[in-house]
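Engineer: sequence-free structure coming up:
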């Protein structure tokens, strides 16, 4: 069954067709989302939202022989919504972030600053280095698990991780 037929079946609530569609397309959709968001955690979240939207909106798909393009459009729109939400959170006023009694910045402001510095440090890394660092440090995977997940030798993952950490340390030292 082709993807267009699978989408047609999904529109009728066919869970098996949805599962098959997911298996055929999730890697492409995830890669597309990651290329926009450049953050694996956000990409995973938007991937889930994308397939939820596909499940609920399959009936509105107009057969044109391009179901993956339709799915990418949904994913792209959800990525842009994510950017808007992140911008809105970053635009919180300084008055709201200062302690009312002391007038000193609260922990939330410090946390946002730390997050922005870390994001900037991650941006200097190559994509594969960033993936390895985030999978190990953020997702909590062991280096062996990262290597297996990315299909790389353990020695390669270890060297890329160490190189990436040195780059980030140098970047953070320069900023002091």
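Structural biologist: Nice, I can see it. Quantities reported herein were computed from a predicted structural model and do not represent experimental measurements.
Engineer: Below-threshold pLDDT in the chain: ranges please.
Structural biologist: For the chain, applying pLDDT under 70 flags the ranges 88-117, 138-139, 175-176.
Engineer: Now do the domain split for it, please.
Structural biologist: Following automatic domain parsing, one gets these domains for the chain: 3-89, 107-174.
Engineer: Which residues lie in contact with the one residue sitting closest to the centre of the chain in this structure?
Structural biologist: Residue closest to the mean C-alpha point of the chain, counted by CA atoms, centre = their mean, is residue 43 at 2.1 Å. Residues in contact with residue 43, defined by CB atoms under 8 Å, 6 or more residues apart in numbering, are 30, 33-34, 37. For the C-beta atoms, the positions are set from N, CA and C on the backbone; glycine is no exception.
Engineer: quick one: it and residue 85, what's the gap?
Structural biologist: Distance, residue 43 to residue 85, by CB to CB, to the nearest Å: 15 Å.
Engineer: go on, residue 38?
Structural biologist: 16 Å.
Engineer: ok, now residue 164?
Structural biologist: According to CB to CB, residue 164 stands 28 Å off from residue 85.
Engineer: Which one's more surrounded, the two?
Structural biologist: Using other CB atoms under 10 Å as the criterion, residue 164 and residue 85 rank with residue 164 on top: 24 against 10.
Engineer: right, and that one touches residue 132 too?
Structural biologist: Yes - here residue 164 lies in contact with residue 132, judged by CB atoms under 8 Å, at a distance of 6.5 Å.
Engineer: doesn't residue 122 make contact with residue 167?
Structural biologist: No - contact criterion CB under 8 Å: residue 167 and residue 122 do not qualify, at 10.0 Å.
Engineer: Settle it for me: which of those two has more neighbours?
Structural biologist: A count of neighbours by other CB under 10 Å puts residue 122 above the other of residue 167 and residue 122, at 20 against 17.
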